[in-house]
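J.: got a structure for you, letters missing:
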């Protein structure tokens with residue numbers, strides 16, 4: 001969403017300052033990570049890397065078993081990592097994911113691991129946007145720690161909070177008609193996907209050495225979609241937090257209504273007390289702030305044209321895209337991505353990447369930086385980001 005200078009209705013963010021730098025309740029799932037959780041995740045993220053779902057392939061890998069992709073960290077939280085980025089009341093507002101920054105510390109997530117997510121609101125700013133006029137860009141940190149006390153990852157999420165009435169009036173995403181894909185166009189998408197998969201299969205268990213990488217190298221392109229309500233539902237159900245009774249501690253101690261969501265969208269999402277009596281009311285696929293993703297009527301209510309995808313998934317697509325190129329010996333150490341346009345039903349998402357830097361950090365740590373761009377079939381930029389990945393030297 002491009003910033004503009006036109007004045008609009010003032011967004012009331014007066015309640016936010018008192019929350020900045022104040023830790024909120026940690027998030028925790030009841031069960032340990034299971035192999036099925038990992039398999040379900042890569043299936044939902046359209047990430048066909050056998051390391052994460054095929055036990056025979058994984059047995060011959062450096063890990064000797066199925067391990068989670070680094071993108072899976074966000075699936076161990078109870079809020080997509082955005083709970084600390086949406087504290088404080090903004091009246092008559094809604095929110096969408098605006099971006100992620102990740103730091104990874106070396107510990108990989110394996111079946112049997114148990115993670116606790118510690119959260120801290122970070123900061124916010126208000127800017128004018130074409131999407132909704134005055135818009136609050138709010139950030140918060142989630143630290144993922146496993147049962148051994150190891151830091152797995154730190155996620156700094158950006159949540160975009162805006163006045164629903166202004167977004168509906170501006171109609172930036174007012175494109176209710178889905179693209180109809182021809183058979184030839186769909187076959188072309190399958191060709192791109194096949195070449196991307198070949199990259200994974202050809203590297204197999206070998207190392208992508210830093211010496212084989214140069215600035216200007218292009219990654220094998222990938223395409224996701226065409227997206228549909230079915231594919232977005234698969235994404236939603238891949239988050240373990242969305243199973244009834246799965247959360248030991250929920251995403252927040254306050255209701256969506258207290259955060260300022262409109263009455264129609266507030267609901268009881270994540271409310272553990274309501275879950276005991278009518279769990280359907282706590283399910284974001286049916287009620288509450290998340291239902292706009294899967295129900296076109298409510299998508300239009302919050303300023304979207306039709307069903308749209310999840311920001312946490314977009315972040316995972318970027319991480320998986322680079323991880324597929326790096327191979328099982330590569331380790332993503334840092335990434336930063338901003339989201340510009342949602343993935344709508346009927347759209348396809350194209351990912352391209354280029355190596356823009358190769359360097360040595362702290363003596364023996366060899367880093368390649370990949371610039372990633374995500375576009376739809378109309379060439380609209382959906383996300384841009386950079387990913388640092390450590391590669392072996394020999």
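T.: Noted; the coordinates are in hand. Values in this document were obtained by computation on a predicted structure and should not be read as measured data.
J.: residue ranges of the strands in this structure, please?
T.: Counting by DSSP state E, one finds strands in the chain at the ranges 24-29, 93-104, 115-129, 133-146, 151-163, 222-224, 247-249, 331-339, 349-361, 365-376, 381-390.
J.: Report the buried residues of the longest helix seen in the chain.
T.: Ordering each helix of the chain by length in residues (DSSP state H) puts helix 183-203 first. Residues of helix 183-203 classed as buried by neighbour count (16 or more other C-beta atoms under 10 Å): 189, 192, 193, 196, 197, 200, 203. (C-beta placed from N, C-alpha, C; glycine too.)
J.: between it and strand 349-361, how many degrees?
T.: Computed by axes from the mean of the first three to the mean of the last three C-alpha atoms, to 10 degrees, the angle separating helix 183-203 from strand 349-361 equals 30 degrees.
J.: which other helices and strands contact helix 183-203?
T.: Helices and strands in packing contact with helix 183-203 are listed as strand 222-224, helix 311-326; criterion 3 or more C-beta pairs under 8 Å, 6 or more residues apart in numbering; DSSP states H and E.
J.: Contacts made by it with the rest, please.
T.: Residues lying outside helix 183-203 but in contact with it, judged by C-beta atoms under 8 Å, 6 or more residues apart in numbering, are 48-50, 181, 219-223, 225-226, 324-325, 327, 348, 350.
J.: and the two most separated of those?
T.: Farthest pair in the contacts of helix 183-203 (C-beta to C-beta) is 181 and 327. Separation: 31.9 Å.
J.: Same drill for the two, tell me which one is more crowded.
T.: Remark: of residue 181 and residue 327, residue 327 carries more neighbours, 23 against 16, as counted by other C-beta atoms under 10 Å.
J.: what's that one in contact with, if anything?
T.: Under the contact definition (C-beta under 8 Å, 6+ apart), the residues listed for residue 327 are 203, 206, 207, 208.
J.: Let me know the closest of the buried residues of helix 183-203 to residue 375.
T.: For those, with residue 375 as the reference and C-beta to C-beta as the criterion, the closest is residue 192, at 12.7 Å.
J.: follow-up on the earlier one: turn the strands of the chain into TSV, columns for mean pLDDT.
T.: Formatted as TSV, the strands of the chain follow (pLDDT from 0 to 100):
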stretch	mean pLDDT
strand 24-29	94
strand 93-104	94
strand 115-129	95
strand 133-146	96
strand 151-163	95
strand 222-224	98
strand 247-249	89
strand 331-339	97
strand 349-361	97
strand 365-376	97
strand 381-390	97
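J.: For residue 319, which of these is the nearest?
T.: Proximity to residue 319 (C-beta to C-beta) singles out strand 331-339 among these, at 6.1 Å.
J.: Okay, buried residues for that closest one please.
T.: Under 16+ other C-beta under 10 Å, the buried positions of strand 331-339 are 331, 332, 333, 334, 335, 336, 337, 339.
J.: so which of those residues would you say is closest to residue 42?
T.: Out of those, the member with the shortest distance to residue 42 (by C-beta to C-beta) is residue 332, at 15.5 Å.
J.: quick one: the closest one from residue 131, how far?
T.: In this view, residue 332 and residue 131 are 30 Å apart by C-beta to C-beta, to the nearest Å.
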